[in-house]
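S.K.: got a predicted structure plus its sequence, pasted below:
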Amino acid sequence: MVQKRVEPKRGHVTASLAKRPRGRPRAYDPDVALRRALETFWTKGYSRASLDDLVIATGMNRPSLYAAFGDKQALYLSALENYWEQSLRLMRELLSHDEPLSLALMRVYDAALSFYFPANHPPRGCFGINTAAVESVVEPRIRAALEGGLRKIDKEFERRIAVSISRGELPGSVDPRALAEIASAILHSLAIRARCGATRRELRLLAERALAHSLQAARA
(Lines give C-alpha, C1' and ligand atoms only; values in the text may rest on other atoms or scores of the structure.)
Protein backbone atom coordinates (compact mmCIF):
# COMPACT_ATOMS: atom_id res chain seq x y z
CA MET A 1 0.00 0.00 0.00
CA VAL A 2 1.31 3.45 -0.93
CA GLN A 3 0.76 6.01 1.75
CA LYS A 4 -0.46 9.44 0.79
CA ARG A 5 2.22 12.07 1.25
CA VAL A 6 1.21 14.80 3.63
CA GLU A 7 2.85 18.15 3.01
CA PRO A 8 3.83 19.87 6.24
CA LYS A 9 2.63 23.37 6.87
CA ARG A 10 5.13 26.08 6.07
CA GLY A 11 4.95 27.52 9.57
CA HIS A 12 5.69 24.13 11.11
CA VAL A 13 8.80 23.69 8.96
CA THR A 14 10.05 27.15 9.82
CA ALA A 15 9.59 26.50 13.53
CA SER A 16 11.36 23.14 13.34
CA LEU A 17 14.33 24.64 11.53
CA ALA A 18 14.52 27.44 14.05
CA LYS A 19 14.76 24.92 16.90
CA ARG A 20 17.50 22.89 15.19
CA PRO A 21 20.94 23.67 16.69
CA ARG A 22 23.46 25.27 14.40
CA GLY A 23 26.48 23.25 13.36
CA ARG A 24 26.93 19.54 13.43
CA PRO A 25 27.27 18.15 16.98
CA ARG A 26 30.46 16.27 17.72
CA ALA A 27 29.63 12.57 17.46
CA TYR A 28 32.73 11.22 19.17
CA ASP A 29 34.52 11.27 22.49
CA PRO A 30 38.14 12.38 21.90
CA ASP A 31 39.43 10.37 24.87
CA VAL A 32 37.73 7.21 23.64
CA ALA A 33 38.93 7.82 20.08
CA LEU A 34 42.51 8.36 21.25
CA ARG A 35 42.43 5.18 23.35
CA ARG A 36 41.13 3.17 20.40
CA ALA A 37 43.79 4.62 18.13
CA LEU A 38 46.43 3.71 20.72
CA GLU A 39 45.18 0.12 20.80
CA THR A 40 45.40 -0.04 17.02
CA PHE A 41 48.96 1.28 16.95
CA TRP A 42 49.88 -1.05 19.81
CA THR A 43 48.61 -4.10 17.94
CA LYS A 44 49.76 -3.28 14.41
CA GLY A 45 52.63 -0.88 14.97
CA TYR A 46 52.91 2.62 13.57
CA SER A 47 53.76 1.69 9.98
CA ARG A 48 51.22 -1.10 9.55
CA ALA A 49 48.32 0.83 11.08
CA SER A 50 46.62 2.38 8.07
CA LEU A 51 44.29 5.35 8.07
CA ASP A 52 41.45 2.96 7.27
CA ASP A 53 42.35 0.95 10.38
CA LEU A 54 42.28 4.12 12.48
CA VAL A 55 39.00 5.29 10.96
CA ILE A 56 37.37 1.96 11.79
CA ALA A 57 38.86 1.86 15.30
CA THR A 58 37.86 5.39 16.27
CA GLY A 59 34.51 5.40 14.49
CA MET A 60 35.44 8.72 12.87
CA ASN A 61 35.66 9.58 9.20
CA ARG A 62 38.91 10.92 7.76
CA PRO A 63 37.98 14.63 7.79
CA SER A 64 36.89 14.39 11.44
CA LEU A 65 40.03 12.45 12.36
CA TYR A 66 42.27 15.05 10.73
CA ALA A 67 40.34 17.92 12.30
CA ALA A 68 40.58 16.40 15.78
CA PHE A 69 44.12 15.04 15.83
CA GLY A 70 45.97 16.07 12.66
CA ASP A 71 47.72 13.54 10.43
CA LYS A 72 48.63 9.96 11.30
CA GLN A 73 51.91 10.89 12.97
CA ALA A 74 50.25 13.59 15.07
CA LEU A 75 47.63 11.09 16.18
CA TYR A 76 50.32 8.57 17.09
CA LEU A 77 52.29 11.17 19.04
CA SER A 78 49.15 12.15 20.95
CA ALA A 79 48.57 8.50 21.81
CA LEU A 80 52.21 8.08 22.86
CA GLU A 81 52.10 11.20 25.04
CA ASN A 82 48.92 9.94 26.68
CA TYR A 83 50.56 6.56 27.31
CA TRP A 84 53.60 8.15 28.94
CA GLU A 85 51.44 10.36 31.14
CA GLN A 86 49.39 7.42 32.41
CA SER A 87 52.48 5.25 32.90
CA LEU A 88 54.30 7.93 34.87
CA ARG A 89 51.27 8.66 37.01
CA LEU A 90 51.00 4.96 37.87
CA MET A 91 54.75 4.75 38.58
CA ARG A 92 54.57 7.64 41.05
CA GLU A 93 51.71 5.98 42.85
CA LEU A 94 53.42 2.58 43.02
CA LEU A 95 56.72 4.05 44.19
CA SER A 96 55.11 6.20 46.88
CA HIS A 97 54.57 3.31 49.32
CA ASP A 98 56.64 3.29 52.50
CA GLU A 99 58.38 -0.03 51.95
CA PRO A 100 61.79 -1.44 51.00
CA LEU A 101 63.08 -0.38 47.60
CA SER A 102 63.03 -3.92 46.23
CA LEU A 103 59.30 -4.23 46.92
CA ALA A 104 58.58 -0.81 45.44
CA LEU A 105 60.43 -1.64 42.23
CA MET A 106 58.76 -5.03 41.96
CA ARG A 107 55.41 -3.25 42.20
CA VAL A 108 56.36 -1.35 39.06
CA TYR A 109 57.52 -4.47 37.25
CA ASP A 110 54.38 -6.39 38.17
CA ALA A 111 52.19 -3.53 36.95
CA ALA A 112 54.18 -3.36 33.72
CA LEU A 113 53.77 -7.10 33.15
CA SER A 114 50.02 -6.77 33.59
CA PHE A 115 50.04 -4.30 30.67
CA TYR A 116 52.44 -6.39 28.61
CA PHE A 117 50.29 -9.51 29.04
CA PRO A 118 46.65 -8.33 28.74
CA ALA A 119 43.93 -10.83 29.56
CA ASN A 120 42.51 -12.66 26.54
CA HIS A 121 45.01 -11.00 24.16
CA PRO A 122 48.47 -11.93 22.85
CA PRO A 123 51.47 -10.44 24.69
CA ARG A 124 52.16 -6.94 23.40
CA GLY A 125 54.97 -5.47 25.48
CA CYS A 126 55.31 -1.74 26.09
CA PHE A 127 53.48 0.58 23.72
CA GLY A 128 56.28 3.15 23.73
CA ILE A 129 59.24 0.84 23.36
CA ASN A 130 57.69 -1.70 21.03
CA THR A 131 56.24 0.82 18.58
CA ALA A 132 58.34 3.99 18.81
CA ALA A 133 61.74 2.29 18.80
CA VAL A 134 61.11 0.89 15.33
CA GLU A 135 60.25 4.29 13.86
CA SER A 136 62.74 6.41 15.79
CA VAL A 137 65.54 5.85 13.27
CA VAL A 138 63.69 7.69 10.49
CA GLU A 139 61.16 9.83 12.36
CA PRO A 140 62.80 12.57 14.46
CA ARG A 141 59.62 13.58 16.27
CA ILE A 142 58.92 10.01 17.33
CA ARG A 143 62.55 9.59 18.40
CA ALA A 144 62.31 12.72 20.55
CA ALA A 145 59.05 11.53 22.12
CA LEU A 146 60.56 8.12 22.88
CA GLU A 147 63.71 9.59 24.38
CA GLY A 148 61.70 12.01 26.48
CA GLY A 149 59.45 9.27 27.82
CA LEU A 150 62.35 6.99 28.73
CA ARG A 151 64.16 9.80 30.54
CA LYS A 152 61.06 10.55 32.57
CA ILE A 153 60.90 6.89 33.62
CA ASP A 154 64.56 7.11 34.66
CA LYS A 155 63.75 10.19 36.74
CA GLU A 156 60.93 8.45 38.61
CA PHE A 157 63.21 5.55 39.51
CA GLU A 158 66.00 7.96 40.44
CA ARG A 159 63.71 9.94 42.73
CA ARG A 160 62.65 6.79 44.60
CA ILE A 161 66.22 5.48 44.87
CA ALA A 162 67.35 8.82 46.29
CA VAL A 163 64.70 8.43 49.01
CA SER A 164 66.12 5.02 49.90
CA ILE A 165 69.61 6.48 50.11
CA SER A 166 68.41 9.29 52.39
CA ARG A 167 66.80 6.71 54.68
CA GLY A 168 69.98 4.68 54.94
CA GLU A 169 68.58 1.70 53.05
CA LEU A 170 71.37 2.13 50.48
CA PRO A 171 74.89 3.50 51.05
CA GLY A 172 75.47 7.17 50.40
CA SER A 173 78.08 6.22 47.80
CA VAL A 174 75.39 4.83 45.48
CA ASP A 175 74.81 6.86 42.32
CA PRO A 176 71.00 7.13 42.14
CA ARG A 177 71.04 7.97 38.45
CA ALA A 178 73.14 4.95 37.52
CA LEU A 179 71.00 2.60 39.60
CA ALA A 180 67.86 4.15 38.11
CA GLU A 181 69.13 3.43 34.61
CA ILE A 182 69.66 -0.20 35.61
CA ALA A 183 66.12 -0.34 37.00
CA SER A 184 64.86 1.07 33.69
CA ALA A 185 66.94 -1.40 31.72
CA ILE A 186 65.22 -4.27 33.54
CA LEU A 187 61.86 -2.76 32.64
CA HIS A 188 62.82 -2.38 28.98
CA SER A 189 64.05 -5.97 28.84
CA LEU A 190 60.68 -7.17 30.12
CA ALA A 191 58.93 -5.13 27.43
CA ILE A 192 60.99 -6.59 24.60
CA ARG A 193 61.02 -10.18 25.83
CA ALA A 194 57.25 -10.11 26.34
CA ARG A 195 56.92 -9.96 22.56
CA CYS A 196 59.51 -12.64 21.96
CA GLY A 197 57.73 -15.61 23.49
CA ALA A 198 58.82 -15.36 27.14
CA THR A 199 56.08 -16.11 29.63
CA ARG A 200 54.92 -13.72 32.30
CA ARG A 201 56.22 -16.06 34.98
CA GLU A 202 59.65 -16.22 33.34
CA LEU A 203 59.85 -12.45 33.08
CA ARG A 204 58.85 -11.90 36.68
CA LEU A 205 61.62 -14.25 37.74
CA LEU A 206 64.03 -12.36 35.51
CA ALA A 207 63.01 -9.09 37.18
CA GLU A 208 63.46 -10.53 40.66
CA ARG A 209 66.92 -11.90 39.89
CA ALA A 210 68.17 -8.81 38.04
CA LEU A 211 66.89 -6.54 40.79
CA ALA A 212 68.44 -8.63 43.54
CA HIS A 213 71.83 -8.65 41.82
CA SER A 214 71.79 -4.90 41.11
CA LEU A 215 70.84 -4.01 44.70
CA GLN A 216 73.41 -6.43 46.09
CA ALA A 217 76.08 -4.80 43.95
CA ALA A 218 74.97 -1.36 45.09
CA ARG A 219 75.32 -2.34 48.75
CA ALA A 220 78.75 -3.95 48.28
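M.R.: Done, it's in.
S.K.: tell me the first helix or strand C-terminal of the helix ranked longest in the chain.
M.R.: Using DSSP state H, we find that the single longest helix of the chain is helix 140-166. Following helix 140-166 in sequence order, the next helix or strand is helix 176-194 (DSSP states H and E).
S.K.: ramachandran angles for the residue minimising distance to the centre of the chain?
M.R.: The residue lying closest to the centre of the chain (Cα atoms, centre = their mean) is Y83, at 2.5 Å. Main-chain torsions, Y83, degrees, to the nearest 10: phi -60, psi -50.
S.K.: so who does the residue lying closest to it once chain neighbours are set aside touch?
M.R.: Among residues not flanking Y83 along the chain, F127 sits closest, at 4.9 Å (Cβ to Cβ, 6 or more residues apart in numbering). Glycine gets a C-beta too; all of them are placed from N, C-alpha and C. Contacts for F127 (Cβ atoms under 8 Å, 6 or more residues apart in numbering) come out as L38, F41, W42, A79, L80, Y83.
S.K.: could you rerun that using 10 Å?
M.R.: Shown in contact with F127 (Cβ atoms under 10 Å, 6 or more residues apart in numbering): 38-39, 41-43, 79-80, 82-84, 86-87, 115-116, 149, 191.
S.K.: for R92, same thing?
M.R.: Contacts of R92 (Cβ under 10 Å, 6+ apart): E156, R159, R160.
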